[in-house]
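# predicted model follows, preceded by the sequence.
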Amino acid sequence: MGRLKRLGADLLLLSVAIIWGSTFLIVQDATKQTSVYTFLFWRFLLATLLMMLFSLKHLHFMDKKTLLAGFIIGTFLFFGYAFQTFALLYAYSSTVGFITGLNVVIIPFVLFAVFRQKVSFYSCIGAIIAALGLYFLSINAQIGINRGEFYAFLCAFMFSFQIVFTGFYTKKYNTYLLVLIQFFTVCIFCFFGVLFFGNPILPPEFSVVFIKAIIITSVFATIFAFFVQTAMQKFVSSTKTAIIFTCEPIAAGIAGYFFANETFTHIQLAGAFLIIAGMLAAEVGDYIVKKIKR
């Protein structure tokens, strides 16, 4: 793959991290009015319906293997959200955010354990630097071994598997159908989650805040984001994808600075620069090695 195309793929994945981080405040406002699973159900229901329209020309590629692949990815994605939700009930959001971001160092082990795939030295170095940056960015995180932290670690593992299996399946099956089935799977699981926890399937009211959040997150943070992730992981490794996604809390912090009067400390700024350094280490290091080998 050409250097410019690789850079383009990296930038598209970076745009996903920026969108996820930028919509954090919108989601936070919406979930103050309704339960998390009710919100996720409507978010993924709308995403599924819209994705179905985009996928009509690709439905003839549907088969049992594609269904299974999409279901597996969607299951990991749902349980990632589920464990993250439980974690936030028992731990600080900064703690949960930091532990969730540790999927960047979990992924190389998952790749080797599941697919016997070795990760490049510079990608590992980049992952470690990015994880250190995450720690500084969430410097107020209080890490222990309580229930919340346990759920957060499970969340990190679920998101790690989602990224790894997306990278594996996207090279074998139709991108549109993988994304569609993934959304439908999360939607169904959220529906049963609503029933299990006794939450109403309908929000207390279809307020402007709720409707705006559903539309924005469905279109940008779900359809665009996961389609780009699935499509670009054909060209970008799972480890590098995770490193790029560590920019999400940076985007969330910038959004908080401009729209919620939040501020960055000097240590948090250092963390942001370390995350960027981790991305560059993974990108430039691998590029230099390939140049030398030529």
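Thanks, I have the structure now. Quantities reported herein were computed from a predicted structural model and do not represent experimental measurements.
# and the helix or strand residue 275 falls within, what other elements does it pack with?
Assigned by DSSP states H and E, residue 275 belongs to helix 266-293. With contacts taken as 3 or more Cβ pairs under 8 Å, 6 or more residues apart in numbering; DSSP states H and E, helix 266-293 sits against helix 3-22, helix 121-137, helix 238-245, helix 248-259. No exception for glycine: its C-beta is placed from N, CA and C like everyone else's.
# go again using 10 Å as the cut-off
Counting contacts by 3 or more Cβ pairs under 10 Å, 6 or more residues apart in numbering; DSSP states H and E, helix 266-293 packs against helix 3-22, helix 103-115, helix 121-137, helix 238-245, helix 248-259.
# can you say which of those is packed in most?
Of the helices and strands packed on helix 266-293, the one with the most neighbours on average (mean count of other Cβ atoms under 10 Å) is helix 238-245, at a mean of 27.
# now for it, which elements pack on it?
Counting contacts by 3+ Cβ pairs under 10 Å, 6+ apart, helix 238-245 is packed against helix 3-22, helix 103-115, helix 121-137, helix 147-169, helix 225-232, helix 266-293.
# what's near enough to touch residue 200?
Neighbour list for residue 200: 34, 35, 38, 194 [criterion: Cβ atoms under 10 Å, 6 or more residues apart in numbering].
# ok, those residues vs residue 89, which is closest?
Nearest to residue 89 among the contacts of residue 200 is residue 35, at 12.0 Å by Cβ to Cβ.
# which ones are touching that closest one?
So residue 35 contacts 41, 85, 193, 194, 197, 198, 199, 200, 201, 203, 204 (Cβ under 10 Å, 6+ apart).
# repeat for residue 207
By Cβ under 10 Å, 6+ apart, the neighbours of residue 207 are 29, 30, 33, 34, 213.
# quick check, nearest of those to residue 54?
Closest to residue 54 out of the contacts of residue 207 is residue 213 (21.5 Å), distances taken as Cβ to Cβ.
# does the closest one count as helix, strand or coil?
Of the three states, residue 213 takes helix under DSSP: H, G, I helix; E, B strand; the rest coil.
# OK, contacts around the closest residue to it other than its chain neighbours?
Nearest non-adjacent residue to residue 213, counting by Cβ to Cβ, 6 or more residues apart in numbering: residue 30, 3.5 Å away. With contacts defined as Cβ under 10 Å, 6+ apart, residue 30 is in contact with 23, 36, 38-39, 42-43, 203, 207, 209-214, 216-217.
# how about a cut-off of 6 Å?
Contact analysis of residue 30 by Cβ atoms under 6 Å, 6 or more residues apart in numbering lists 39, 209, 210, 213.
# ok, those residues vs residue 156, which is closest?
residue 39 (21.8 Å).
# can you tell me the element the closest one falls in?
Counting by DSSP H and E, residue 39 is part of helix 36-54.
# buried residues in that helix?
36-48, 50-51 (16 or more other Cβ atoms under 10 Å).
# what's in contact with that helix?
For helix 36-54, using Cβ under 6 Å, 6+ apart, the contacting residues are 30-31, 85, 179-180, 183-184, 186-187, 190-191, 193-194, 199, 203, 214, 217-218, 222-223.
# I'd like to know which elements the next helix or strand after it is packed against.
Next in sequence after helix 36-54, counting helices and strands by DSSP H and E, comes helix 64-90. With contacts taken as 3 or more Cβ pairs under 6 Å, 6 or more residues apart in numbering; DSSP states H and E, helix 64-90 sits against helix 147-169, helix 175-196.
# and residue 262, helix, strand or coil?
coil.
# count of residues packed around it?
As a burial measure, residue 262 scores 13 neighbours (other Cβ atoms under 10 Å).
# ok, back up a step: dump the contacts of residue 35 into JSON lines; add pLDDT as well.
Converted to JSON lines, those look like this (pLDDT from 0 to 100):
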{"residue": "41", "pLDDT": "96"}
{"residue": "85", "pLDDT": "83"}
{"residue": "193", "pLDDT": "93"}
{"residue": "194", "pLDDT": "94"}
{"residue": "197", "pLDDT": "85"}
{"residue": "198", "pLDDT": "84"}
{"residue": "199", "pLDDT": "85"}
{"residue": "200", "pLDDT": "89"}
{"residue": "201", "pLDDT": "92"}
{"residue": "203", "pLDDT": "90"}
{"residue": "204", "pLDDT": "85"}
